[in-house]
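**Student:** Here you go, sequence then predicted model.
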Number of protein chains: 2
Amino acid sequence: MSDNRKELRYARSGSDNDRMEALPQAVRQTSVTATETSCIAATPQPPYYAVIFTSIRRNDNSNKSDYSITADRMMELASRADGFLGVESVRDESKLGITVSYWRDLESIRVWKHNSEHLVAQEKGQREWYSAYTTRICKVERDYSHLF
Amino acid sequence: MSDNRKELRYARSGSDNDRMEALPQAVRQTSVTATETSCIAATPQPPYYAVIFTSIRRNDNSNKSDYSITADRMMELASRADGFLGVESVRDESKLGITVSYWRDLESIRVWKHNSEHLVAQEKGQREWYSAYTTRICKVERDYSHLF
């Protein structure tokens, strides 16, 4: 993903989306710097789709760097996939993680799920990295944002 | 929320939901202990709703305990609200947080959003605690889980 595309995706407007629904997408996404919003995805107006991936890492840390490298690679690959709109990801010290990726439609989610490198990562996740996970495919019907 | 209800909500089956769609809800939710799954919500079969709340805390830590007390109180209140199905929440050291709460329908989300104590907390969140946040209301159309 180019720097420019990244900036467009992660910057957000400073106003409540409820009051901005008539504004063009470019205005919604470029009116603030990315400083405070680099971790909040700048998604388009709904409807669009979200994949909520909630996972618990195993206690075994032997493959920590392998995990990190793969996680970074998956982020890079996903960000180049057709229909990708953005991602938000957090993991805390207790090993619980939530990653939400945003997509244009169900077809782009389906294609990403079956990407060959992603399939290998999913298999390693099941075998090595996670003790439990849940994936939920959702249609985002409404959103609103605040920047202060 | 009673201990028994909490256990039902947070325990999950050990198999892929794709293969369990014909099983009754009680079987889906009680076939494992909550040890590994206490942070992953045991939601019913789709469709149901998710509220994805992604937020960035301010750098100012002066009201940290007030924030924690309010966050705990909101969790307690939400868990007793009609239509509440579960919650998953993570915040990392960089101050990014993702909280996903699950609900039976849009009406239960609407009622919770307008709960009087919750309205006060939302107002304090805007004024004191967050530098940015986005809330997304989603319909969960499909989910699948793994426990290893």
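**Tutor:** Nice, thanks for sending it over.

**Student:** distance of the most centrally placed residue in chain A from chain B?
**Tutor:** Centroid-nearest residue in chain A: A:Val87, 1.7 Å away (criterion: Cα atoms, centre = their mean). Distance from A:Val87 to chain B, counting by Cβ to the nearest Cβ, to the nearest Å: 11 Å. Any C-beta I mention is one placed from the backbone N, CA and C, and that applies to glycine too.

**Student:** contacting residues for that residue?
**Tutor:** A:41, A:75, A:78-79, A:99-102 (Cβ atoms under 8 Å, 6 or more residues apart in numbering or on different chains).

**Student:** average model confidence for stretch A:131-144?
**Tutor:** Across stretch A:131-144, pLDDT averages out at 97.

**Student:** Could you give me the buried positions within that stretch?
**Tutor:** Buried residues in stretch A:131-144, counted by 16 or more other Cβ atoms under 10 Å in any protein chain shown: A:131-140, A:142-143.

**Student:** Same check on stretch A:102-120?
**Tutor:** A:102-104, A:108-109, A:112, A:118.

**Student:** Just the element for the closest residue to chain B within chain A, please.
**Tutor:** Here chain A gets closest to chain B at one residue, A:Cys138, 3.7 Å apart by Cβ to the nearest Cβ. Assigned by DSSP states H and E, A:Cys138 belongs to strand A:130-147.

**Student:** re the thing from before, hey, C-alpha coordinates of the helix or strand harbouring the residue nearest to the centre of chain A in PDB?
**Tutor:** When elements are assigned from DSSP H and E, A:Val87 belongs to strand A:84-91. The C-alpha coordinates for strand A:84-91 follow below in PDB (Å, rounded to 0.1, in the frame of the first residue of the first chain):
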ATOM      1  CA  PHE A  84      -9.800  -3.800   1.700                       C
ATOM      2  CA  LEU A  85     -10.900  -0.600   3.600                       C
ATOM      3  CA  GLY A  86      -8.800  -0.600   6.700                       C
ATOM      4  CA  VAL A  87      -7.900  -2.500   9.900                       C
ATOM      5  CA  GLU A  88      -7.800  -1.900  13.700                       C
ATOM      6  CA  SER A  89      -5.900  -4.300  15.900                       C
ATOM      7  CA  VAL A  90      -5.100  -4.500  19.600                       C
ATOM      8  CA  ARG A  91      -3.500  -7.200  21.800                       C
END
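
**Student:** Just after it, pick out the following helix or strand.
**Tutor:** strand A:96-103.

**Student:** near chain B too, which of the contacts of A:Val87?
**Tutor:** Among the contacts of A:Val87, proximity to chain B is found for A:41, A:100 (Cβ under 8 Å from any Cβ of the partner chain).

**Student:** Switch the contacts of A:Val87 over to TSV; also include distance to B:Glu93.
**Tutor:** As requested, these are arranged in TSV below (distance: Cβ to Cβ, whole Å):
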residue	distance to B:Glu93
A:Ala41	20
A:Met75	19
A:Ala78	24
A:Ser79	23
A:Thr99	17
A:Val100	19
A:Ser101	22
A:Tyr102	24
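
**Student:** which of the contacts of A:Val87 are buried?
**Tutor:** Using 16+ other Cβ under 10 Å as the burial test, the contacts of A:Val87 include A:41, A:78-79, A:99-102 as buried.

**Student:** With pLDDT as extra columns, can I get the residues you listed in CSV?
**Tutor:** What follows is these, written out as CSV (pLDDT from 0 to 100):
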residue, pLDDT
A:Ala41, 96
A:Ala78, 96
A:Ser79, 95
A:Thr99, 97
A:Val100, 98
A:Ser101, 98
A:Tyr102, 98
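
**Student:** Closest to A:Ile69 out of these?
**Tutor:** A:Ala78 (15.0 Å; Cβ to Cβ).

**Student:** Double-check that the closest one belongs to a helix.
**Tutor:** Yes. A:Ala78: assigned to a helix according to DSSP: H, G, I helix; E, B strand; the rest coil.
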